[in-house]
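Chemist: Have a look; sequence and predicted model below, questions after that.
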Amino acid sequence: EAQVTQNPRYLITVTGKKLTVTCSQNMNHEYMSWYRQDPGLGLRQIYYSMNVEVTDKGDVPEGYKVSRKEKRNFPLILESPSPNQTSLYFCASSLPPGTQVLAGGINEQFFGPGTRLTVL
Amino acid sequence: GENVEQHPSTLSVQEGDSAVIKCTYSDSASNYFPWYKQELGKRPQLIIDIRSNVGEKKDQRIAVTLNKTAKHFSLHITETQPEDSAVYFCAARVRFGAGTRLTVKP
């Protein structure tokens, strides 16, 4: 079954305690990204990766790091979490944006189940 | 970079009525416009998408229209049902709008 998995699903932590949220996909997608979702602000992209060892900042990268050592995995790292990073986080994967898919095909982003993070 | 604006932020309709959600984008190079539905506590899932070489696309009760010149696109849901209640997001490629919370009253 094609899927994107994230762990943990829920996390309560304290300010300054380093944490990692894992993300893995089994669809051999080159493109992966992280979003945070906050009420009234929609889904804002934190970082994205076009392929292994290729990562770039999205709209709200401050306070986050990522790595892409393997095609299937794209962990999100918070070196020193702060309360303003309390949010719902989604990992997503897809073919590279702009890919010309076959007629009838789609280039949707497949989202993980989300990680609800609370930083006290 | 790309900027996507979505309106309205909330929308309430009676069951059976139509619902329309509108989005505008800023980057004329954008060529892919998906719409996602997010039910409470769940992940966003694609419901329909349209490419820049197409003006309209339908799938049963939902349709999307695209006006490239004006850089806006819209989601139309006809004969709404209570199970259509959710948050809907438009996107231009990978840049999302702020979402519309649709409530369908029985």
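Modeler: Nice, thanks for sending it over. Residues are numbered from 1 along each chain as shown, chains lettered A, B, ... in the order given.
Chemist: mind listing what's buried in stretch A:61-73?
Modeler: A:61, A:64, A:66, A:68, A:72 (16 or more other C-beta atoms under 10 Å in any protein chain shown). Placement of C-beta: from N, CA and C, glycine included.
Chemist: what are the ranges of the strands in chain A?
Modeler: All strands of chain A, identified by DSSP state E, fall at A:4-7, A:10-13, A:19-25, A:31-38, A:42-51, A:54-57, A:65-66, A:76-78, A:87-94, A:110-111, A:115-119.
Chemist: tell me the angle of the fourth one relative to strand A:42-51?
Modeler: Direction vectors for strand A:31-38 and strand A:42-51, defined by axes from the mean of the first three to the mean of the last three C-alpha atoms, to 10 degrees, enclose an angle of 160 degrees.
Chemist: what helices or strands is strand A:31-38 leaning on?
Modeler: If contacts are counted by 3 or more C-beta pairs under 8 Å, 6 or more residues apart in numbering or on different chains; DSSP states H and E, strand A:31-38 sits against strand A:19-25, strand A:42-51, strand A:87-94.
Chemist: Contact residues of chain B facing chain A?
Modeler: B:1, B:6, B:9, B:31-32, B:34, B:42-46, B:49, B:89, B:93-99 (C-beta under 8 Å from any C-beta of the partner chain).
Chemist: Kindly tell me how buried residue B:62 is, as a neighbour count.
Modeler: Applying other C-beta atoms under 10 Å in any protein chain shown, we find 18 residues neighbouring residue B:62.
Chemist: ok, it touching residue B:77?
Modeler: Yes: with contact defined as C-beta atoms under 8 Å, residue B:62 reaches residue B:77; the gap is 5.4 Å.
Chemist: pretty sure residue A:23 contacts residue A:74?
Modeler: Yes: taking C-beta under 8 Å as the definition, residue A:23 is a contact partner of residue A:74 at 4.8 Å.
Chemist: Of the two, which one has the most company?
Modeler: residue A:74 (31 against 25).
Chemist: roughly how far apart are that one and residue A:22?
Modeler: 8 Å (C-beta to C-beta, to the nearest Å).
Chemist: Please apply the same query to residue B:65.
Modeler: Distance from residue B:65 to residue A:22, by C-beta to C-beta: 39 Å.
Chemist: buried ones in stretch B:30-40?
Modeler: For stretch B:30-40, by 16+ other C-beta under 10 Å, it's B:30-38.
Chemist: How about the contacts made by residue A:58?
Modeler: A:33-35, A:44-48 (C-beta atoms under 8 Å, 6 or more residues apart in numbering or on different chains).
Chemist: now do residue A:94
Modeler: A:29, A:31, A:107-110, B:94.
Chemist: so what's the residue most central in space within chain A bridging to?
Modeler: The residue lying closest to the centre of chain A (C-alpha atoms, centre = their mean) is residue A:34, at 2.2 Å. Following DSSP bridges, residue A:34 is listed with bridge partners residue A:47, residue A:91.
Chemist: need the contact list for it.
Modeler: Residues in contact with residue A:34, defined by C-beta under 8 Å, 6+ apart, are A:23, A:45-48, A:58, A:64, A:66, A:74, A:76, A:89-92.
Chemist: Need the distance between the two termini of stretch B:87-97.
Modeler: The first and last residues of stretch B:87-97 sit 11 Å apart, counting by C-alpha to C-alpha, to the nearest Å.
Chemist: How far does that stretch sit from its chain's centre?
Modeler: Relative to its chain's centre, stretch B:87-97 lies at 8 Å (C-alpha atoms, centre = their mean, to the nearest Å).
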